[in-house]
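Asks: Predicted model follows, preceded by the sequence.
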Amino acid sequence: MNDRSRPFTVVITGDSIAPEAGEILAGKCRTVFSGPYPAPDALTRMVRDEQADALIMRTGKATAEVVTASPRLKAIAKHGVGFDNIDVASATALKIPVMISATANYQSVAEHALALMFSLAKQIPWLDGRMRQGIWDKTTFKGEELFRKNLGLVGFGRIGRRVHELAAPLAMKVWVFEPLLPDDRFPPAVVRVPRLEDLLPQADIVSLHCPLTDRTRHLIGAKELGLMKKNAWLINTARGGIVDEEALIAALRAGDIAGAGLDTFEKEPPEDVRRLAEAGRVVLTPHAGAATGEAYVRMGVEAARNVLTVLEGGRPDPDYLVNPEILAAR
């Protein structure tokens, strides 16, 4: 129970939150910002010393030590949808709900996936660099069209479905590998395949839209890259750990695939991004797919509402809940 003589304390791992989210918390919560990418031991001390009632995760990791640092902790919300930086098992053991901003950023990330595809097709970063050097490549450059390409989607949640919708005007044939959804969640226009191995040889572009779990870590490795067409591209706006980066670098260098558009990396920030950047035709962005002004507001608002609902004694919305098993104990 909260001591009503004090406001709820919410620790936020970042240096800001949208003003609209701040207004939701104002008057009821005291917010404490850790700064970007806090070290786990520093975040543990902050959560403990501040006696945090809730945690909003933007960057950094909520390890078991962080989750157990404050006996008052009642809620953890992700400022986004990827929750691989939160020790969900530790939270579940303490019956702490872990919630995501489920509907906040799917449009922004889907658009970013398309932007990476267009950047590879038209080689926009390379042409931009050449123009800045005073080089005019009009008579020699040949780009590609996305029109009627085969698009393979690995994962068909909100983001994957939105990518399919955005790609529709391009008349792309969409193949989907998604083992967890029932058949009635798939529109007639897509081709659902039972195995990843059935999708990879068909796709001109493979775009990843699944969460990072023990089952999906290094889902795309040397074997899978070897099944792709030599002129195919890999797009990753999901989580870096889904791709074996060493295998990807080797595949790009060997010409086993033609290019990659990456917004996420196994280690963030990457320690040596040059190895990827110089491996072949690659477009890189700093995990910025959800970094739009519109999504920033929606993520903050949903995260703030999620924690405040729990702190005020409400039941967390199952659509946002990562560990629904805690509901049986509430």
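Replies: Arrived safely.
Asks: For the spatially most central residue of the chain, which residues are in contact?
Replies: Per C-alpha atoms, centre = their mean, the C-alpha nearest to the average position across the chain is that of residue 238, at 4.2 Å. Under the criterion of C-beta atoms under 8 Å, 6 or more residues apart in numbering, the neighbours of residue 238 are 82, 155, 159, 208, 209, 210, 211, 212, 264. (C-beta placed from N, C-alpha, C; glycine too.)
Asks: which residues touch the longest helix anywhere in the chain?
Replies: As assigned by DSSP state H, the longest helix anywhere in the chain is helix 293-311. Identification of contacts with helix 293-311 by C-beta under 8 Å, 6+ apart yields 2, 8, 10, 17-18, 20-22, 24-25, 28-29, 53-56, 74-80, 97, 99, 101-105, 107-109, 290, 315-317, 320.
Asks: What residues of it count as buried?
Replies: Residues of helix 293-311 classed as buried by neighbour count (16 or more other C-beta atoms under 10 Å): 295-311.
Asks: where exactly do the strands run in the protein?
Replies: Along the chain, counting by DSSP state E, strands occupy 8-13, 29-33, 54-57, 75-78, 98-99, 150-154, 173-177, 191-193, 205-208, 233-236, 259-262, 282-284.
Asks: Mind giving me the packing neighbours of the first one?
Replies: Using 3 or more C-beta pairs under 8 Å, 6 or more residues apart in numbering; DSSP states H and E as the contact test, the elements touching strand 8-13 are strand 29-33, helix 40-49, strand 54-57, helix 293-311.
Asks: Just the C-alphas of that strand, formatted as CSV.
Replies: Coordinates of each C-alpha in strand 8-13 appear next as CSV, following Å, rounded to 0.1, in the frame of the first residue of the first chain:
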residue,chain,number,x,y,z
PHE,A,8,4.2,7.8,-5.6
THR,A,9,7.8,7.8,-6.8
VAL,A,10,8.4,6.8,-10.4
VAL,A,11,11.9,6.2,-11.6
ILE,A,12,12.3,6.8,-15.4
THR,A,13,15.4,5.5,-17.2
